[in-house]
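Undergrad: Provide a 3D model corresponding to the input given below.
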Amino acid sequence: MVTKMDKKNKLTTGNPFKTLLLFSLPMILAVTLQQFYNICDSMIAGRLISDNALSAVSSTYPVTVFYLAIAVGFGVGANIITARYLGEKNYKNAKTAINTSLITIAIIALVLCGLGLALLKPILTFLNVNNEYYDDSYTYLLFYTFGILFLFIYNVVTSLFQSLGNSKIPLYLLIFSIVLNLVLDIVFVKLNMGISGIAIATFISQILASIISLIILLIYSKKVLEENGKVFDFKILKIILSISIPSIIQGSIISIGGVIIQSLINSFGSSVTAGYGAAYKIVYVIVNIYTVMSNAISTYTSTNAGAAKYDRISKGFLSGLSICAIITAITTLVFLVIPGPLLNIFGNKNTSSEVVDVGKKFIYCVAPFYLFLCIKIPCDGVLKGSGDMRSFMIATFADLFIRIGLSYLFGYILPNDMKLIGIFLSWPIGWAVGMAISICAYKIGRWKVLIGYKNEIQEEK
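TA: Okay, here's the model as predicted:
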């Protein structure tokens, strides 16, 4: 019998390139738009308030990325395991995985919210936040921390929609919340609410997007799965955590690395903080697109492994590599040709030239080397989707440690006029090392053994 879910799950049929492209495009658009939460906040802060307001939002950005990394990391596990059950047509366990994931992420969010509020001042102290914009940074991060529950639920709901083969519904909701956030940003700033208004606007937008998307997911999953699962299952949670914990650790450690580097950057003064923060957001739009492609390839790999369609995994890898190559060619060209106009969206006529100059230096140092991520990401996608988290984490941690280590080394040993260039160049060096390890792991093929691919090949021979 063909169920509604069989008809909707198209990852195991059709041309791999077309299938992966159509599946990933809404996800790419969604994550790009999601960046507009902070980009809009920074843009309104820089253009309608001041450079210090832009510095306040920029200085706390790595902390918000840290929270997001935990939500996304857990979402990866929920996504992959749910997709695996769907590939096996075990719809009861798929429904149980959805229920278990939602309850677990709500608990994690509440715990982190409490910890984040308790450690708010120590975090800002560690970041070397300048006294000129300390109060604004505190206000912005305070409201962001209050909204962790809604941020987490929205991102996990998005991951679960992806595992169900539908990445369009959360995209539509995200567009609504982004537009609402931008409108409220402008209205509240015009009412002289300053950074508080920007923070409250983001808080309100995330609440609405989270609640509406959760309600739709519960209705949608009940309709397409046509089977009732358990409300909570510790065995399935253990399986989800086996994927999620390495992903959370990986994402969190990288974000902590970003916090550590941000602390170093903040020591150079408010103009450098503002310029780096603006460029960091622009660069990370593309980095997050690569991350989405990795997750899309992971879901594709997991689903086809569950359906025992192993030959489609290798074809999906090559298709993902081709898509990443297209993204890399376009974004590298755009970033190198018009970095000034991109950075100017965060400033106004009173913005100092140093802010723009610092931003350009960062973009020029990293954009030419997106090629390293272009190759690394498809490898990582297959490794994660097949459960080879060990290889994936080794590559990721190598990238992180090299990036942090070289940032502080260059910041210490290089002359003053070269310190920033050295710190910025530590990024592509770390990417290059991570890429080399990921390629080796993919070629060695431990991931094939984990999903039974190697045994299947041997039996055919």
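Undergrad: CA only for contacts and neighbour counts going forward, please
TA: Will do.
Undergrad: Could you list the low-pLDDT ranges of the stretch 351-461 of the chain?
TA: 351-352, 454-461 (pLDDT under 70).
Undergrad: which residues of it fall in helices?
TA: According to DSSP state H, counting those that start in this stretch, the stretch 351-461 of the chain carries its helices in the segments 353-366, 370-385, 389-413, 419-444, 446-451, 453-460.
Undergrad: how about those in a markdown table, adding distance to residue 89?
TA: Formatted as a markdown table, these follow (distance: least, Cα to Cα, whole Å):
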| stretch | distance to residue 89 |
| --- | --- |
| helix 353-366 | 43 |
| helix 370-385 | 17 |
| helix 389-413 | 24 |
| helix 419-444 | 28 |
| helix 446-451 | 17 |
| helix 453-460 | 19 |
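Undergrad: Buried deepest among the ones you listed, which one?
TA: helix 370-385 (a mean of 26; mean count of other Cα atoms under 10 Å).
Undergrad: What lies in contact with that one?
TA: Applying Cα atoms under 8 Å, 6 or more residues apart in numbering, the contact partners of helix 370-385 are 80, 243, 290-291, 293-302, 313, 317-318, 320-321, 324-325, 328, 332, 389, 391-392, 428, 431-432, 434-436, 438-439, 441-442, 447.
Undergrad: pLDDT wise, what is the residue nearest to residue 200 when sequence neighbours are not counted at?
TA: Spatial nearest neighbour of residue 200, chain neighbours left out: residue 143 (6.6 Å); criterion: Cα to Cα, 6 or more residues apart in numbering. As predicted, residue 143 sits at a pLDDT of 86.
Undergrad: same for the lengthiest helix in the chain, what does it pack against?
TA: Using DSSP state H, we find that the single longest helix of the chain is helix 270-306. If you count contacts as 3 or more Cα pairs under 8 Å, 6 or more residues apart in numbering; DSSP states H and E, helix 270-306 packs onto helix 16-44, helix 51-59, helix 61-87, helix 234-266, helix 311-337, helix 339-344, helix 353-366, helix 370-385.
Undergrad: Any buried residues in it, and which?
TA: Buried positions in helix 270-306, judged by neighbour count with 16 or more other Cα atoms under 10 Å: 270-283, 285-306.
Undergrad: Also stretch 170-181?
TA: Quick answer for stretch 170-181 (16+ other Cα under 10 Å): 170-171, 173-175, 177-181.
Undergrad: what's the farthest-apart pair in these?
TA: The span of the buried residues of stretch 170-181, defined through Cα to Cα, is set by 170 and 181 at 16.0 Å.
Undergrad: Determine which residue lies closest to the centroid of this structure.
TA: The centroid of the chain falls nearest to residue 288 when counting by Cα atoms, centre = their mean (4.9 Å).
Undergrad: related to what we said a few turns ago, for the longest helix of the chain, the averaged confidence score.
TA: For helix 270-306, mean pLDDT rounds to 83.
Undergrad: now do stretch 42-57
TA: 73.
Undergrad: ends of it, how far apart?
TA: 6 Å (Cα to Cα, to the nearest Å).
Undergrad: just use 26 as the starting number from now, easier for me
TA: With 26 as the first residue, the last one maps to stretch 67-82.
Undergrad: List of residues touching that stretch?
TA: By Cα under 8 Å, 6+ apart, stretch 67-82 touches 63, 66, 83, 157-159, 161-162, 165, 210-211, 214, 219-220, 223, 295-296, 298-299, 302-303, 370-373, 376.
Undergrad: Put the buried members of those residues into a ChimeraX selection.
TA: Entered in ChimeraX, the line below selects the buried ones among the contacts of stretch 67-82, by 16+ other Cα under 10 Å:
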select :63,66,83,158,159,161,162,165,210,211,214,219,220,223,295,296,298,299,302,303,370,371,372,376
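Undergrad: returning to what we had before: what about the helices of the stretch 376-486 of the chain, which gets the closest to residue 49?
TA: Per Cα to Cα, nearest to residue 49 of these: helix 395-410, 12.5 Å.
Undergrad: Extract the C-alpha trace of the closest one and format it as PDB.
TA: Taking C-alpha atoms only, helix 395-410 is exported to PDB below (Å, rounded to 0.1, in the frame of the first residue of the first chain):
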ATOM      1  CA  TYR A 395      35.400  29.400  -0.200                       C
ATOM      2  CA  LEU A 396      36.700  26.600  -2.500                       C
ATOM      3  CA  PHE A 397      37.900  24.700   0.500                       C
ATOM      4  CA  LEU A 398      34.400  24.700   2.000                       C
ATOM      5  CA  CYS A 399      32.900  23.800  -1.400                       C
ATOM      6  CA  ILE A 400      34.800  20.500  -1.300                       C
ATOM      7  CA  LYS A 401      34.600  19.800   2.400                       C
ATOM      8  CA  ILE A 402      30.800  20.200   2.800                       C
ATOM      9  CA  PRO A 403      29.600  17.300   0.500                       C
ATOM     10  CA  CYS A 404      32.100  15.000   2.300                       C
ATOM     11  CA  ASP A 405      30.800  16.100   5.700                       C
ATOM     12  CA  GLY A 406      27.200  15.600   4.500                       C
ATOM     13  CA  VAL A 407      27.800  12.000   3.600                       C
ATOM     14  CA  LEU A 408      29.800  11.300   6.800                       C
ATOM     15  CA  LYS A 409      27.100  12.700   9.000                       C
ATOM     16  CA  GLY A 410      24.200  11.100   7.100                       C
END
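Undergrad: Thanks a lot, catch you later.
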